[in-house]
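Peer 1: take a look and give me a structure for this.
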Amino acid sequence: MKELEKKVLQNKISFLEQENRNLLKVIEKNTEKTFLKEAYEELQELLKAHEKKENEISELLKATQTVLETRDFQKTAKLIFDSCARTIGAKAGYVALLSDDGQENELLFLEDGGMSCTVNPNLPMPIRGLREESYRTGKVVYNNDFMKSEWVKFMPAGHMALRNVLFSPMNIDGKTVGIIGLACKPVDFDENDARIAAAFGDYAAIALKNSKTLEELEKANETKDKFFSIIAHDLRSPINPLLGFAGLLIEDLDKGDIGSSKNYAALINTSLNHYYDFLSELLEWARIQSGKIDFNPEKINVSKKIDDIFDFLNHVALAKEISLTKVVDVEDKVLADDKMLDTILRNLIVNAVKFTNRGGKVHVEVVKDDMGKIKFRVIDTGIGIKDKDISKLFKIDIGFSTNGTDHEKGTGLGLHLCKEFVELHGGEIGVEPNPEGGSAFWFTI
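Peer 2: Residues are numbered from 1 along each chain as shown. Okay, here's the model as predicted:
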């Protein structure tokens, strides 16, 4: 009996051992499947991350090519925005530049992503709310629950709902000059999105700086070409008359004709004086462009300065029967560069006398304006300036010049020199009609 029980027990043990082996095989098989599944899922995640990284690199390369090849900044900004939005997955947004006064965004374009929005895109976009933080810090900022944020109060009526928003600044030389706005990503923005947006913001800033540099270079080159054509004409044109008058002078001196000789000598003297003025102004302009002109502000008695210029022009004013008057309503001496201020005032007063008919008036007034700046006005009762010609003044590349009321000639450089010197003083210059007839040129320092 015991043998039988022992045998039964051994059979049970054998059975259990076999069951355990079978169970271990099942466990091993399932474990292998689980491992393979987890490995497969991990591999899929790695592939997705790799594809995402490849996509980021591809879009950044496109942006690089855009910056290098596209000169129109608005077009460049749109292409950079599209690459940034695709990479991050945002559905809407815009690119805007900071206004000159630093108070508003000036919208370049808006992408609404096909969502309903009835806001007029021409409405002002003050620098406030979340975008103000980006302008202030020069860093990317974002919010993933915008409609419940404190910033939602700034949204105008009719604006589409924004699930989330992100702002990336465009920084040039440490200053934020514009912004890329992104919105409505299906999932939350994260730090990786901020990193990508910052890179595209840098690309946009480089493109803007390049665009401005190219524009300035093209303008400078165009100005140079036109300026040299002016110089070539004005340097050459007085020579032939001078040679002709000199030849006639020699002939008359040989004949002993003193009367005609004096006339030719006077004409030569007038031409040489004009030529000297032109060369002096040309050299002054060249010194400004080369950066070799010194700016030395000092306290100047402007009343005496104007009197000295009046004395210099007295013989011309008397010949044309023009009265020269002034009112200086400034108690203190004015801080300015003496030579530059002299050039500005002398040019404007000489022009006023030149373009005023016999018996007219030239009046100079100096006052302090509401902003605390010193404002000079040179007012004449002369022939005035045609509306179509006002835009040509102060521009070296146009070389605008007309003869005075007694056929006095100008160089075409005087007003441009005035503008350069006024701007070195941090001021402005302009012209407006005189209600009594004539013109009123003004400038501030």
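Peer 1: how close does residue 443 sit to residue 421?
Peer 2: Residue 443 is 9 Å from residue 421, where distance means CB to CB, to the nearest Å. To be clear about C-beta, it is placed using only N, CA and C from the backbone, and glycine gets the same treatment.
Peer 1: name the residues contacting each of the two.
Peer 2: The contact sets of residue 443 and residue 421 overlap at residue 344 (CB atoms under 8 Å, 6 or more residues apart in numbering).
Peer 1: burial count for residue 247?
Peer 2: By other CB atoms under 10 Å, 11 other residues sit near residue 247.
Peer 1: show me what the helix or strand containing it is packed up against.
Peer 2: Per DSSP states H and E: residue 247 is located in helix 239-255. The contact analysis (3 or more CB pairs under 8 Å, 6 or more residues apart in numbering; DSSP states H and E) places helix 239-255 against helix 258-290.
Peer 1: surely residue 108 is in a helix?
Peer 2: No: applying DSSP: H, G, I helix; E, B strand; the rest coil, one finds residue 108 to be strand, outside a helix.
Peer 1: leaving out sequence neighbours, find the closest residue to it.
Peer 2: residue 95 (4.8 Å; CB to CB, 6 or more residues apart in numbering).
Peer 1: mind listing what the one you found touches?
Peer 2: So residue 95 contacts 77-78, 80-81, 107-109, 178-181, 204 (CB under 8 Å, 6+ apart).
Peer 1: low pLDDT regions in the stretch 301-445 of the chain?
Peer 2: Residue ranges of the stretch 301-445 of the chain with pLDDT under 70: 386-413.
Peer 1: again, only using 90
Peer 2: Applying pLDDT under 90 to the stretch 301-445 of the chain flags the ranges 308-320, 329-334, 337-340, 342-344, 346-347, 349-359, 368-373, 381-421, 423-424, 430-441.
Peer 1: how about the strands in it?
Peer 2: Assigned by DSSP state E, counting those that start in this stretch, the strands in the stretch 301-445 of the chain fall at 323-328, 334-337, 361-368, 374-380, 429-433, 439-444.
Peer 1: what lies in contact with the first one?
Peer 2: If I follow you right, that is strand 323-328. Outside of strand 323-328, the residues within contact range by CB under 8 Å, 6+ apart are 302-303, 306-307, 310, 313-314, 317, 349, 353, 360-366.
Peer 1: ditto for the second one
Peer 2: Residues lying outside strand 334-337 but in contact with it, judged by CB under 8 Å, 6+ apart, are 295-300, 302, 341, 366, 374, 421, 424-425, 445.
Peer 1: I'd assumed residue 178 was in a strand, is it?
Peer 2: Yes: under three-state DSSP, residue 178 sits within a strand.
Peer 1: my guess is it meets residue 207, correct?
Peer 2: No: contact criterion CB atoms under 8 Å: residue 178 and residue 207 do not qualify, at 10.4 Å.
Peer 1: circling back: then the helix holding residue 247 to CSV, C-alphas only?
Peer 2: Output of helix 239-255 as CSV, limited to C-alpha atoms (Å, rounded to 0.1, in the frame of the first residue of the first chain):
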residue,chain,number,x,y,z
ILE,A,239,35.3,126.4,-67.1
ASN,A,240,34.2,127.1,-70.6
PRO,A,241,32.6,130.5,-69.8
LEU,A,242,35.7,131.4,-67.8
LEU,A,243,38.0,130.4,-70.7
GLY,A,244,35.8,132.4,-73.1
PHE,A,245,35.7,135.5,-70.9
ALA,A,246,39.5,135.3,-70.2
GLY,A,247,40.1,135.1,-74.0
LEU,A,248,37.9,138.2,-74.6
LEU,A,249,39.6,140.0,-71.7
ILE,A,250,43.0,139.4,-73.3
GLU,A,251,41.8,140.6,-76.7
ASP,A,252,40.3,143.8,-75.2
LEU,A,253,43.4,144.5,-73.1
ASP,A,254,45.5,144.2,-76.3
LYS,A,255,43.1,146.7,-78.0
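Peer 1: just the buried residues of that helix, please?
Peer 2: Using 16 or more other CB atoms under 10 Å as the test for burial, helix 239-255 gives 245, 248-249, 252.
Peer 1: now the two most distant members of the contacts of residue 95.
Peer 2: Spatially, the most separated pair among the contacts of residue 95 is 80 and 107, at 15.6 Å (CB to CB).
Peer 1: show me the contacts for residue 261.
Peer 2: So residue 261 contacts 249, 252-253 (CB under 8 Å, 6+ apart).
Peer 1: for residue 276, give me the pLDDT.
Peer 2: pLDDT, residue 276: 71.
Peer 1: oops, could you answer that again for residue 118 instead?
Peer 2: Reading off the model, residue 118 has pLDDT 70.
Peer 1: hang on, isn't it packed against residue 112?
Peer 2: No: here residue 118 does not reach residue 112: they are 10.4 Å apart, not a contact under CB under 8 Å.
Peer 1: comparing these two, which residue is more hemmed in?
Peer 2: Between residue 118 and residue 112, counted using other CB under 10 Å, the more crowded position is residue 112 (16 against 9).
Peer 1: and the more buried one, what are its phi and psi?
Peer 2: phi -90, psi 0 (degrees, to the nearest 10).
Peer 1: residue contacts, it?
Peer 2: 92, 160.
Peer 1: where along the stretch 101-250 of the chain do the strands fall?
Peer 2: Using DSSP E, counting those that start in this stretch, strands in the stretch 101-250 of the chain cover 104-111, 125-126, 141-143, 165-172, 175-183.
Peer 1: burial-wise, tell me which of those strands comes out on top.
Peer 2: Highest mean neighbour count among these (mean count of other CB atoms under 10 Å): strand 165-172, with a mean of 24.
Peer 1: what's it packed up against?
Peer 2: On a contact count with 3+ CB pairs under 8 Å, 6+ apart, strand 165-172 meets helix 129-137, strand 141-143, strand 175-183, helix 191-236.
Peer 1: out of those, which is closest to residue 88?
Peer 2: Of all the helices and strands packed on strand 165-172, helix 191-236 sits nearest to residue 88, with 4.8 Å by CB to CB.
Peer 1: and that closest one, what's its mean pLDDT?
Peer 2: For helix 191-236, the mean confidence score works out to 75.
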